[in-house]
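Peer 1: Have a look; sequence and predicted model below, questions after that.
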Amino acid sequence: MTLSQLVSQVPTAMAKLDPRHMWRNPVMFVVLIGSVLTTVLAVADPDGFTIAIAVWLWLTVIFGNLAEAVAEGRGKAQAASLRATRKDTVARRVGRDGTETEVPGTDLTIGDLVVVEAGEVIPGDGDVVEGIASIDESAITGESAPVIREAGGDRSAVTGGTTVLSDRVVVKITAAPGSTFIDTMIALVEGTSRRKTPNENALTILLSSLTIVFLLAVATLAPMAEYAGAPQRTLVLVALLVCLIPTTIGALLSAIGIAGMDRLVRVNVLAMSGRAVEAAGDVGTLLLDKTGTITYGNRRATAFVPQAGLDPDVLRDTARLSSLADPTPEGRSIVELALTQGAADSTLPRGAQVVEFSATTRMSGLDLADGSQVRKGAASAVLAWLGDTALPPSVESAVERISADGGTPLVVAVRPSQSGAPTSGQVLGVVHLKDVVKPGMVERFAELRRMGIRTVMVTGDNAITAKAIAVEAGVDDVLAEATPEDKMAFIRQEQAGGRLVAMTGDGTNDAPALAAADVGVAMSSGTSAAKEAGNMVDLDSDPTKLIDIVEIGKQLLITRGALTTFSVANDVAKYFAIIPAMFVAAYPSLEALDIMRLHSAESAILSAVIFNALIIVALIPLALRGVKYRVTSAAGLLRRNLLVYGLGGLAAPFVGIKIIDLLLSSLFGSAL
Ligand SMILES: Nc1ncnc2c1ncn2[C@@H]1O[C@H](COP(=O)(O)OP(=O)(O)OP(=O)(O)O)[C@@H](O)[C@H]1O
Ligand SMILES: [K+]
Ligand SMILES: [Mg+2]
């Protein structure tokens, strides 16, 4: 933060003097009332001291607003650049009859189909329903490497404002103009949608109660002082009150929250709720989806392994048949592999019923017109479908080998038509699906472990594959063959144990879990359903981003705690700095307590007011940058912060007020 940044936000800080805005911050609202009151006093009886107090009380309020304005100002620049990407686009809308019409992007409604080709800007948020394309998302991520988006799988979501680099896709619009991802991002970085978090509300109530306590204390001081023969002016009592109420944290509280969100945006994470950012600071368990989260999610068929003695072409052709109507990347890759291995290029047989893949059945295939059925899917699912208890030994060993290697085996089976007596089906072999683990996982998960976070991979895949990938990625635990319900139940169970849970995922089947988690981070590469369910989106689709998210969350909590400690300690110290000076004339015996030896009672009061205002500005950089988070025990951290910010807060006013008092008395000596 530079001085010019501070100065440039002064007009915004002045605009925030609007009582309708100030009202939301009770502590600073009291200072505002004090400023008005002392201004009236200064107008009625304009002596230098009264004017000086009035001026410094106004500065206190403005400095508080300045902290918020500077925090918000950082996001405004980013919002402006995002607005530029939301330029008017022309959409090629596809009608029911397949004809294309050009319409302005703003005319699109949810459910519309649009065609986007290489070189064109995607006119709105949606899911790719046909085709595959490489897309430049740098407009929103700042990342220049193109990403792949394709129909059918968990990499189907596209964002309006991004550009198709190659090929052609058909996109089904999922967001109305005005409530798109970029609109959300703009609102977020500008802070227009910011609401106080429950923690902030609780702290505000605490600070307000403290303010009321000090208000009562100062109000009762007046008659007591009078009785004691040392009557105090209203002006002095107002100044005393402002010094005693927790103005430092009151002024910086919202800036701390905004800065936390801002730091997340800088690491390419969009947090839809401040509450989630706070929860991130206390996360104990992290759940990660495997495919598309820990791995790239580009699960491709690489080999057909037939059952011993079976003609390899039979497996190849049946695997292809079962995948003809499977729009998932896995399904399409099987069709492609079969073609390269010499399969005939035929279309879906007449009268065939498509059995779509679902995360619950873990199978897909066809029911053919003659009553026979073909399926491919997870070994356990296919076995259950066949009503068998064991796979043929050669298939069993292929499944194990593929799994142990971290691959996903898809067992292919057929069941002949059941016209007469029930005939049992036959397992033909296995398709080997391969995916690649993203680099750098092991080190990053080790770091999470040091932070005290347990990482658990949850996957629909079988236990052996899950284990192999878990070892390669270095997660602590795995939950295999998990249905969407299992993922959610696991989260509920962790939460019941008192732990806050973070979940990262990309798929539609992750959506319930993302919604149930305290921190739900959707991969930007994932489906719209996942992004809507989570409360954060990672634009880089990096599951280890949670390390940054947790650090930022912890930093936010620590900064708020540290500055609250500092603020309250500060106020207590001010009490002991000012009170003896105020009463030493009436009670000479107080002289023993008057360790500060301030120039005069007036100088003491004015110095305290000035210190109270300046400390806000002095702490703005810390509020924005955050107190540094180190990986250490929570107790150690608390001790350290109490020491630094508690003792620091107690000592600072004595030093600061003394220096200001010396300056004032040397400048205005006899006048004070
Ligand atoms: N197109 C498909 N057809 C048939 N079976 C499939 C298909 N895709 C996946 N499967 C099987 O279903 C299982 C679960 O699918 P899915 O990939 O949706 O699980 P998931 O819960 O998202 O886990 P993850 O994404 O971590 O692998 C897979 O392990 C695989 O055995
Ligand atoms: K104060
Ligand atoms: Mg998945």
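Peer 2: It's in. Numbering: from 1, shown residues only. Ligands and ions are numbered 1, 2, ... in the order given.
Peer 1: Excluding sequence neighbours, find me the nearest residue to residue 141.
Peer 2: Of all residues not flanking residue 141 in the chain, residue 539 sits nearest, at 4.2 Å (CB to CB, 6 or more residues apart in numbering). In this view, the C-beta of every residue, glycine as well, is placed from N, C-alpha and C.
Peer 1: Next: residue 649.
Peer 2: residue 569 (2.9 Å).
Peer 1: is it true that that neighbour lies in a strand?
Peer 2: No. Counting by DSSP: H, G, I helix; E, B strand; the rest coil, residue 569 falls outside a strand, being helix.
Peer 1: So it sits against residue 646, correct?
Peer 2: Yes. Between residue 569 and residue 646 there is a contact under CB atoms under 8 Å: 5.1 Å.
Peer 1: Out of those two, name the residue with the larger neighbour count.
Peer 2: More crowded of residue 569 and residue 646, by other CB atoms under 10 Å: residue 569, with 21 against 17.
Peer 1: wait, what's in contact with that one?
Peer 2: Neighbour list for residue 569: 645, 646, 647, 648, 649, 650 [criterion: CB atoms under 8 Å, 6 or more residues apart in numbering].
Peer 1: repeat that with 7 Å
Peer 2: The neighbourhood of residue 569, defined by CB atoms under 7 Å, 6 or more residues apart in numbering, consists of 646, 649, 650.
Peer 1: which one among those residues gets closest to residue 61?
Peer 2: residue 649 (21.3 Å; CB to CB).
Peer 1: tell me the centre residue of this protein?
Peer 2: Nearest to the geometric centre of the chain sits residue 271, at 3.2 Å (CA atoms, centre = their mean).
Peer 1: where does it fall, phi/psi-wise?
Peer 2: phi -100, psi 120 (degrees, to the nearest 10).
Peer 1: ok, it - contacts?
Peer 2: So residue 271 contacts 261, 264, 277, 535, 536 (CB under 7 Å, 6+ apart).
Peer 1: Apart from its neighbours in sequence, what residue is nearest the first one?
Peer 2: Yep, that's residue 261 we're talking about. Nearest non-adjacent residue to residue 261 (CB to CB, 6+ apart): residue 271, at 5.8 Å.
Peer 1: Kindly provide the distance from the one you found to residue 560.
Peer 2: In this structure, residue 271 and residue 560 are 16 Å apart, going by CB to CB, to the nearest Å.
Peer 1: Which stretches in the stretch 401-550 of the chain count as strands?
Peer 2: 408-415, 426-434, 454-458, 477-479, 500-505, 519-523, 536-538 (DSSP state E, counting those that start in this stretch).
Peer 1: Deepest-packed of these, please.
Peer 2: Ranked by mean neighbour count, the strands of the stretch 401-550 of the chain are led by strand 519-523 with a mean of 30 (mean count of other CB atoms under 10 Å).
Peer 1: quick one: that strand to chain centroid distance?
Peer 2: Put simply, strand 519-523 sits 7 Å off its chain's centre (CA atoms, centre = their mean, to the nearest Å).
Peer 1: Tell me the strands beside that strand, with direction?
Peer 2: The pairing partners recorded for strand 519-523 under DSSP bridges are strand 500-505 (parallel), strand 536-538 (parallel).
Peer 1: and residue 650, that's in a strand?
Peer 2: No. Counting by three-state DSSP, residue 650 is not part of a strand but helix.
Peer 1: What is the burial count for it?
Peer 2: 16.
Peer 1: and the gap between it and ligand 1?
Peer 2: 53 Å (CB to the nearest ligand atom, to the nearest Å).
Peer 1: need the contact list for that residue.
Peer 2: Counted by CB under 7 Å, 6+ apart, residue 650 has contacts 569, 572, 573.
Peer 1: what's the first-to-last distance across stretch 469-488?
Peer 2: Chord length of stretch 469-488, first to last residue, is 21 Å (CA to CA, to the nearest Å).
Peer 1: what distance separates it from the centre of its chain?
Peer 2: 22 Å.
Peer 1: Give me the residues contacting that stretch.
Peer 2: Here stretch 469-488 has contacts from 288, 290, 294-295, 359-360, 380, 406, 437, 441-442, 445-446, 449, 454-463, 466-467, 490, 509-510, 512-513, 516, using CB under 7 Å, 6+ apart.
Peer 1: Now which of those residues would you call buried?
Peer 2: 288, 290, 294-295, 406, 437, 441, 445, 454-462, 466-467, 490, 509-510, 512-513, 516 (16 or more other CB atoms under 10 Å).
Peer 1: Neighbours of residue 128, how many?
Peer 2: Neighbours of residue 128 (other CB under 10 Å): 23.
Peer 1: what's the closest of the strands paired with strand 519-523 to ligand 1?
Peer 2: strand 500-505 (7.8 Å; CB to the nearest ligand atom).
Peer 1: Is that closest one in proximity to ligand 3?
Peer 2: No. In terms of CB under 5 Å from the ion, no part of strand 500-505 sits within range of ligand 3; the closest distance is 6.7 Å.
Peer 1: Kindly provide the distance from residue 562 to residue 554.
Peer 2: Taking CB to CB, one finds residue 562 at 12 Å from residue 554.
Peer 1: circling back to that earlier point, can you tell me which of the contacts of stretch 469-488 are in helices?
Peer 2: 380, 441-442, 445-446, 449, 463, 466-467, 490, 512-513, 516 (DSSP state H).
Peer 1: and residue 551, what does it touch?
Peer 2: residue 629.
Peer 1: now do residue 528
Peer 2: Residue 528 neighbours (CB under 7 Å, 6+ apart): 125, 127, 157, 174.
Peer 1: Tell me the residues of this protein that contact ligand 2?
Peer 2: Going by CB under 5 Å from the ion, the residues of the chain near ligand 2 are 247, 571, 612.
Peer 1: out of everything not next to it in sequence, what's closest to the last one?
Peer 2: Ranked by CB to CB, 6+ apart and with sequence neighbours excluded, the top spatial neighbour of residue 612 is residue 243, at 5.1 Å.
Peer 1: before we move on, what about the second one?
Peer 2: In space, residue 571 comes closest to residue 244 once its chain neighbours are excluded; the distance is 5.2 Å by CB to CB, 6+ apart.
Peer 1: Wait, residue 318 touches residue 413, no?
Peer 2: No. Using CB atoms under 7 Å, residue 318 makes no contact with residue 413, being 8.5 Å away.
Peer 1: which stretches of the stretch 251-400 of the chain form helices?
Peer 2: 274-280, 312-323, 329-340, 379-386, 393-404 (DSSP state H, counting those that start in this stretch).
Peer 1: In JSON lines: these, plus distance to residue 34 and mean pLDDT.
Peer 2: Shown next, in JSON lines, are the helices of the stretch 251-400 of the chain (distance: least, CB to CB, whole Å; pLDDT from 0 to 100):
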{"stretch": "helix 274-280", "distance to residue 34": "29", "mean pLDDT": "90"}
{"stretch": "helix 312-323", "distance to residue 34": "74", "mean pLDDT": "96"}
{"stretch": "helix 329-340", "distance to residue 34": "65", "mean pLDDT": "93"}
{"stretch": "helix 379-386", "distance to residue 34": "71", "mean pLDDT": "94"}
{"stretch": "helix 393-404", "distance to residue 34": "71", "mean pLDDT": "95"}
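Peer 1: Specify the stretch among the ones you listed that is closest to ligand 3.
Peer 2: helix 329-340 (11.0 Å; CB to the ion).
Peer 1: Show me which residues of this protein are close to ligand 3?
Peer 2: Checking the chain against ligand 3 by CB under 5 Å from the ion, the hits are 289, 291, 507.
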